[in-house]
Structure formats: structure tokens, C-alpha cells
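Trainee: Below are the sequence and a predicted model for it; my questions follow.
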2 protein chains.
Amino acid sequence: MDIKEQMAQIAAAAKKTSGVVARLGSSPKNAVLRKIADALEANTVLLISENNRDLQHSRATGIAGAMLERLTMTKASIHTMAAGVREVANLPDPVGEVGRMWRRPNGLLVGKMRIPLGVIAIIYEARPNVTVDAAALCFKAGNAVILRGGSEAINSNMAMGKIIGSVLEEEGIPADSIQVITTTDRQAIYELLQLEEYIDLVIPRGGEALIRAVVAQSKIPVIKHYKGVCHIYVDEDCDLSMALSIVMNAKTQRVGVCNALETLLVHRNIAAEFFALLAPPMRDAGVVIRGCSKTSEFIADAQMATEADWYEEYLALILAVRVVESIDEAIAHIEKYGSLHTEAIITNSYQQAQKFLHEVNSSTVVVNASTRFSDGFELGLGAEIGISTSKLHAFGPMGLEELTTSKFIIYGNGQVRK
Amino acid sequence: MDIKEQMAQIAAAAKKTSGVVARLGSSPKNAVLRKIADALEANTVLLISENNRDLQHSRATGIAGAMLERLTMTKASIHTMAAGVREVANLPDPVGEVGRMWRRPNGLLVGKMRIPLGVIAIIYEARPNVTVDAAALCFKAGNAVILRGGSEAINSNMAMGKIIGSVLEEEGIPADSIQVITTTDRQAIYELLQLEEYIDLVIPRGGEALIRAVVAQSKIPVIKHYKGVCHIYVDEDCDLSMALSIVMNAKTQRVGVCNALETLLVHRNIAAEFFALLAPPMRDAGVVIRGCSKTSEFIADAQMATEADWYEEYLALILAVRVVESIDEAIAHIEKYGSLHTEAIITNSYQQAQKFLHEVNSSTVVVNASTRFSDGFELGLGAEIGISTSKLHAFGPMGLEELTTSKFIIYGNGQVRK
């Protein structure tokens, strides 16, 4: 059987089983999840040994340190993964939820009920924990899921897939509900992405190159997130020590993440005073400042920013800084250079706070707090399957609810249309 | 300038103006809409004369009667169109709505605020009223819109585009907010569908061929609706006279629409009695029955259905009929042959009603009422831009809310991430 047929068979099986998963009650779903968590922990030795095969192979092919680190499974990381699955089991089930119903003049009672999307494919890179995290979230939301991880983690992923499959079978649930692709052939991704008749949604998780490749090839809707060029605007009327603590946190608390600060916009009227506060701790933290020409008037050792810097997602100890004349200039800068991810304003002005909140249409807009809160857990979604910077279906951090859709339900008593 | 450049220019202008439209308050938007309604009525003579040019051209090229009818504008149809725009002006504005906010343990106040999608392209066929209907709905929801109608209606559409453009200019709103494509070159559609950097959503409105062509070509998310193969299941425990009235209404009240009944499923235990009631009025209404082998035991003049009939959207006085042994067989039939549009059950059983509502995951599921209620106006959405049978973003009839997305907003007081 060639790759195309193999993928069609996998996707058709997922579609077929999706009706069964969709109708499972919360209790059986949660029971499966808890057993998966137990089984992962019980198979720690096996998982670490399979993961070692991946690590050896990766070392042999000269894969770099950060990648190796992401690939490594330990007793602790397996425990964390299992704990995550138990947390998903404890979350409220979105399926079947009806927010409100309304009565029509003819007596019909109308509402919208949350239902699963159907079949979700996750395409991801080296991190093996995505296999379990994504499987748990998709399954909890009543979907069948197809997981295609990176070839570096193939043995780890297959081992986890087998453990999950055994639990499903023991619980009398079709094993096709959660399928791990066992071929490392890249062609498999292309073939999966053509199967719009079986797969309802594709979520790529990984670097921009992976995501762009998936979008370019897919006939299926893709929820995507290219990059996070997050901004903080420090308004002229603000608490400078609050601004300092938020800017330091957003830039340095964790640099390699999409909700970290990349460009700082500072109102001219407080630039001198704020930069005097900011420059020393930034220097201490090893942050290189790339500033506009006005910035360099205040920060002597600032590098000169080029036009390209305003578009840059550094994911590193580098901060682009621009002095602006007004909030309007700040908003215009964000509109031009931003990535629709997360932007914050630091202000004491009620008017400026409301203006920023209304006029900036990024997926998360923050007043007086760190951009680092743009995260499914921090926002109270209970989980996060990813962050969408495209506007359709979901925008911003996505939790369980974003893995569902809704149908109209109508209770009548004989109504016909006139 | 070639078509590709032309379309890029139009889409870039729409993108540029979309920020302006997004920030307009409800009052200026409603004022514009009311002036558009007035201007359309004031230009009735001009519109009818431009429409006549389209009609003459279409007659000359031998276009069929039903198409000509859809193309024709009259004083009455222009009034109806204007009245529709005034109704849209009267609807609540979804933009800026925050359903609820929640407090996080660290004191952050988090919510989701509705915002416009950005730029929407509508690709449609002969009906010139779509130009105005779609423009009004997209604009009200704060979006810039690009309208590409059928070449048969080009003069009518251009005339309406000019009238709308004049009103926008008078009101000081960029005319690029609502743009009508003035070339009839089919290449224009292809070029538009590549411009994912400018256009956020494409909604095709028309026959299945148009929709499939748009989906095949588009790099932009498409909300689509191929067909409506709607089912009614008449349960063994039901009010037969209610079932009769609902089935007659769903099949015959308007046959050419997507929410009309196409396949009737009848429980074996009441088949004899129900068919005795149903056959005479169906015969009187000119409806041809295509039944399974059991159906023909009860309805002597029924034609024999083939496998293909169960997939068919007749949009005509033909009804496919199947006798089933149980509600499970009915649900399995709908799952296999249905189009995810609208399905109804007629029952007196609380258990069967709830089972059907939960297990059938079409976009609208109805108990004891006609499938014909699957419609934005009838469901109380106030308007309808289309019906989606794909699950992402919107599923079922789409009103103003489905022309928006939402962003997270966070009110903090200095919080940083630990």
C-alpha cells in the first residue's frame, strides 16, 4: 500500500470513529484519560528506552542541543505529561453545552449546542509531549485525532501511541479515535492535507517554516500562528515603576516564547525618565537594545534599529525600542509591523486605556500587565492547544472550546413555515 | 495594469480601509446604511435602466427564464432591497460586545470582545440584490467588503456600487470600504482568491459548481455550503397529523431552497397509517415519491429509489422515502447520506427527541417543526449572509455575529508572570 492509500485509510478510519467519540459522555472520556495518564507512568522505563533510540539517532545525525533538549523524555517529564492529562480529565466538557436559548414569536425555542469538530490532525515537530497533550485535548472535546510528529521523535511517539491504543481498546473505544502516524516519510503530511472529506481541521505546531509549508499544501482549514511580535506601549501618563517591572518581565522572564516582548514603544514625554530607569536592569539582564534615533539620545549604548527590526520576532535577548509622539503613533506602528498576537499599554489614563483596548485588534490586548499572560492557562481556559493569529474560528489562545463548533437546536410543537 | 495587479490594488485598498471601518461607531455606520437605502430608492429609474442593459444582453445570449427572473430588478425589488438595508441598520451592532468577563486568581480581569474580521470577499452569481444585502451586512459588522457578482448583472452591480460609493464619500468614509469589481474577466476571481495577505474570508454564494471552484482555487478561508439534503424522521410514537403537516410544509412550501425536505424516513410501525395519510396530499401537490422497497408496499405508485436518490438534493417536487426499523437506523442513514444541513424528528417521546438532538450533528437539528425554519431570520439572527455546512468558524445560518471574530482583553493593575 502506498503512502497516499495509507493516509486515506487512516483518515477514513478516524472519520468513521469520530461519530462514536462525539457521542461519548464525559465520564467515559474522563475515565479513558485517567487510564492513559496511569499507563504512561506505568510504562516510564519503556518510554525512556524508546526515547533513547530517538536521542541516539539524533545525536548521530548531529542535531543541535536545543532540539535534543526538546526531544528528551525523563521520569519527571513523563510525570508532568501524565499530570497534564489528568488535568484535562478534570476540565469541564464543552460538548453538549447550550449557552442560552431564546423563544421565537411562533413559539420555537432556539439555541446553540456545542458539538465536536469531528477529525483533527496535528502536525508537529520534535517535542514528544505534544503527542499526549494534543491527543488528550482533542479527545476530551469529542474529536478523533491524527497525530503526525517529527521524525526525530518517531520511536517515542509510536510507543506513546501504542500505550494510548491499548487503553482505548481496554475501555471498549475504537483505537482509531487517537492515531499516531508511524511513517516518517514527509509525503505523508502532504497526503493527509489533501483529505478534506475526512479531516475537519489541521493544527500545525512548530516553527514558521513548518506552518507555512502546511498552509501552502492544505486543502483542509488550518489554524495557524506564524509569529508573535508583541508590543508594549508606555504611555506618558503611567506609573513608571509598574512600566519597568512589566517591561522587564515581558522581555526577560522567558525569551524564547511567542508572547515575549519584542518591540517597546515609549511616549516622548516620559522617554528620558523611563529610559534612565530601564537601561541599567536591561543591561544587567544582557538585553541588547536596538533603538530608533531618538532612543539613542537617551541610551548611549543602544544599537541603531533598521526597518527590518520592527518586523522581527527575536526570541532572544534583543529589544527593539521606538520613541513615539502619541498613542496614535504607537497604534499605527503596531498596525503596520505587528503580528496580531499580543500588545499591552501601560497607562494611568482611563481614556488611553479604553482607546488602546478598542483600537488595537490583536488577538490579546492588555492594560497594565505583562504580555506573557497571553496563554490558555493564564487566561483561565484550563488548557491550550495553540495560539491562533488568524481570525477565523479562533483568535488568540485556544482551549477546549475552540476544538468544538456549535449546531442550532430547535424545540417546536408542530410549527410550519408560512 | 493587468488583472492580477488590479485585484491586488483593490484588496490592498480594502485592507487599508478596514481599520477605519472597524473603528466606526454604530451611529455613523447606521447613518451610512440608511442613506444607502434612500439613495437606492432615489435612483430607481437609473437602476432599472442599467438592469435593462443586463437583461437585454442576457436575452441576446439566450439565458434561461429562471436566471432572467433572478436577474430582474423592479421598483418593488429595489424597495425590498432598501427596506432590507434599513433593517440591517436597526440590528444591534455586534462589534465591541463583551459577553462576560472573569477574574483570574492574580486579579486580572479577562474577557472576549467581538471585533470585525477585516476584509471579506463575496463571490456570487446573477442576483443583483446580493450586492446590497452582502455589502450592508459586512459593513454593519465593521468589515471592508469586496463584491464580485456574475457577469450577467455587471451593469446593475456597477450602478449600485456607484450609488453606495457616493454615499460613503458624502459621509466622509473611504469609498474603498465597499468595492464592486468592475471587470467581468473570470481571472479576477482566481487572482482575488490568492490574496491571503489582504482578505480574511471569502463567502461564495451560488450553485455548487461556483462554490467548488472557489474552494479549489482559494488560499483564503472559505465558508461554504454545497447542498442541503434535509431529512425528517417520523418516529413510531408521534402525532401523525402534526407529522403530515410538517412533512407537507417542508417538502412543498418552497421546493427550490436548501432547507426543503429531500428524504423522509418513517418508522416501520406507523408506516402503513402514515403513508395512507401522506400519499393523497403529496399526489395532489404533484410530488413524485421515490421509495425503498418497503415504501412501495404502502404507496402503490411510488417509484423505486436507487442508491443515488439518498444523496440527491432534488430542489424539485420529488421526495425520497425510506422505511426504517428504528431511530438508530434513521440516524445512521442521516450520517451516511446527509449534507450536515438540517434534520428534524417528529416524536412524542422525550427520550427519542433528546437522542435525536444529541446524536445528529447537522448544523440545525429540529424537534417537531419544519426544516424550513433553518434560516437566519427564522432563527432570530436578524439577518442571513449565508448558511455554512462546514464546521469551522460558523455552522448553520450565519448572521452579523458570524462576520466578526473576538479578541481577548485583559484589565490588569501591574501583574507580571511568575
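Mentor: It's in. Remember, predicted model here, so these are calculated numbers, not experimental data.

Trainee: what about the helix or strand hosting residue A:120, near chain B?
Mentor: Assigned by DSSP states H and E, residue A:120 falls within strand A:119-124. No. Using C-beta under 8 Å from any C-beta of the partner chain, strand A:119-124 stays clear of chain B, coming no nearer than 10.3 Å. No exception for glycine: its C-beta is placed from N, CA and C like everyone else's.

Trainee: CA atoms only for that strand, dumped as CSV, please.
Mentor: C-alpha atoms of strand A:119-124 as CSV (Å, rounded to 0.1, in the frame of the first residue of the first chain):
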residue,chain,number,x,y,z
VAL,A,119,-11.5,14.8,13.0
ILE,A,120,-8.5,17.0,13.9
ALA,A,121,-5.0,16.4,12.5
ILE,A,122,-2.0,17.8,14.5
ILE,A,123,1.3,18.2,12.6
TYR,A,124,4.2,19.0,14.9
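
Trainee: buried ones in it?
Mentor: Buried residues in strand A:119-124, counting neighbours by 16 or more other C-beta atoms under 10 Å in any protein chain shown, are found at A:119, A:120, A:121, A:122, A:123, A:124.

Trainee: Return the set of buried residues in stretch A:246-265.
Mentor: A:246-252, A:255, A:258-265.

Trainee: and that stretch, how far out from the chain's middle?
Mentor: Distance of stretch A:246-265 from the chain centroid (C-alpha atoms, centre = their mean, to the nearest Å) equals 17 Å.

Trainee: likewise stretch A:258-277?
Mentor: Distance of stretch A:258-277 from its chain centroid, counting by C-alpha atoms, centre = their mean, is 27 Å.

Trainee: can you pull out the strands in the stretch 301-418 of chain A?
Mentor: Secondary structure of the stretch 301-418 of chain A (DSSP state E, counting those that start in this stretch): strands at A:303-304, A:318-324, A:342-346, A:364-369, A:386-388, A:396-398, A:404-415.

Trainee: Which positions in the stretch 251-400 of chain A make contact with chain B?
Mentor: By C-beta under 8 Å from any C-beta, the residues of the stretch 251-400 of chain A that approach chain B are A:253, A:335, A:353, A:357-359, A:361-370, A:372-374, A:378-380, A:390-393, A:395-397.

Trainee: now those: which count as buried?
Mentor: A:335, A:353, A:357-359, A:361-370, A:372-374, A:378-379, A:390-393, A:395-397.

Trainee: Following the chain onward from the lowest-mean-pLDDT helix or strand in chain A, which element is next?
Mentor: Using mean pLDDT, DSSP states H and E, the weakest-scoring helix or strand in chain A turns out to be helix A:65-71, at a mean of 85. Counting by DSSP H and E, the next helix or strand C-terminal to helix A:65-71 is helix A:75-90.

Trainee: Wondering if that following helix reaches chain B at all.
Mentor: No. Shown here: helix A:75-90 not in contact with chain B (C-beta under 8 Å from any C-beta), separated by at least 15.6 Å.

Trainee: how far does that helix sit from the chain's center?
Mentor: Its chain's C-alpha centre and that of helix A:75-90 lie 18 Å apart, by C-alpha atoms, centre = their mean.

Trainee: what packs against it?
Mentor: Here helix A:75-90 touches helix A:26-42, helix A:44-60, helix A:129-140, going by 3 or more C-beta pairs under 8 Å, 6 or more residues apart in numbering or on different chains; DSSP states H and E.

Trainee: in it, what's buried?
Mentor: Neighbour-count burial for helix A:75-90 flags A:77, A:78, A:81, A:82, A:84, A:85, A:88, A:89 (criterion: 16+ other C-beta under 10 Å).

Trainee: still on that earlier bit, tabulate the buried residues of strand A:119-124 (JSON lines), appending pLDDT.
Mentor: Output for these, formatted as JSON lines (pLDDT from 0 to 100):
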{"residue": "A:119", "pLDDT": "98"}
{"residue": "A:120", "pLDDT": "98"}
{"residue": "A:121", "pLDDT": "98"}
{"residue": "A:122", "pLDDT": "97"}
{"residue": "A:123", "pLDDT": "96"}
{"residue": "A:124", "pLDDT": "94"}
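
Trainee: residues contacting the residue in the stretch 101-250 of chain A that chain B sits nearest to?
Mentor: At 3.6 Å from chain B, residue A:249 is the closest residue in the stretch 101-250 of chain A, using C-beta to the nearest C-beta. By C-beta atoms under 8 Å, 6 or more residues apart in numbering or on different chains, the contact set of residue A:249 is A:370, A:372, B:416, B:417.

Trainee: There's contact between the second one and residue A:252 in this structure, I believe.
Mentor: Yep, that's residue A:372 we're talking about. No. If you go by C-beta atoms under 8 Å, residue A:372 and residue A:252 don't touch, sitting 10.2 Å apart.

Trainee: Could you pick out the longest helix of chain A?
Mentor: The residue-count maximum for a helix in chain A (DSSP state H) belongs to helix A:3-23.

Trainee: Using CSV, write out the CA atom coordinates for it.
Mentor: The C-alpha coordinates for helix A:3-23 follow below in CSV (Å, rounded to 0.1, in the frame of the first residue of the first chain):
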residue,chain,number,x,y,z
ILE,A,3,1.6,6.4,1.4
LYS,A,4,-1.4,8.0,-0.3
GLU,A,5,-3.6,4.9,0.4
GLN,A,6,-2.2,4.5,3.9
MET,A,7,-3.1,8.1,4.8
ALA,A,8,-6.6,7.8,3.2
GLN,A,9,-7.2,4.7,5.2
ILE,A,10,-6.1,6.3,8.5
ALA,A,11,-8.2,9.4,7.8
ALA,A,12,-11.3,7.4,6.8
ALA,A,13,-11.0,5.3,9.9
ALA,A,14,-10.8,8.5,12.0
LYS,A,15,-13.9,9.9,10.3
LYS,A,16,-15.7,6.7,10.9
THR,A,17,-14.9,6.6,14.6
SER,A,18,-15.5,10.3,15.1
GLY,A,19,-19.2,9.7,15.5
VAL,A,20,-18.5,7.3,18.3
VAL,A,21,-16.2,9.7,20.1
ALA,A,22,-18.6,12.6,19.6
ARG,A,23,-21.4,10.7,21.5
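
Trainee: picking up where we left off before, of all pairs in the contacts of residue A:249, which one is the farthest apart?
Mentor: Greatest spatial distance among the contacts of residue A:249 (C-beta to C-beta): A:372 and B:416, at 7.5 Å.

Trainee: Touching both of those two, which residues are there?
Mentor: Residues touching both residue A:372 and residue B:416 (C-beta under 8 Å, 6+ apart) are A:249, A:250, A:253.

Trainee: Now for the closest residue to residue A:259 other than its chain neighbours: which residues touch it?
Mentor: Excluding the flanking residues, the one nearest residue A:259 by C-beta to C-beta, 6 or more residues apart in numbering or on different chains is residue A:374, at 4.3 Å. Contacts for residue A:374 (C-beta under 8 Å, 6+ apart) come out as A:230, A:259, A:341, A:342, A:363, A:364, A:366, A:387, A:396, A:397, B:408.
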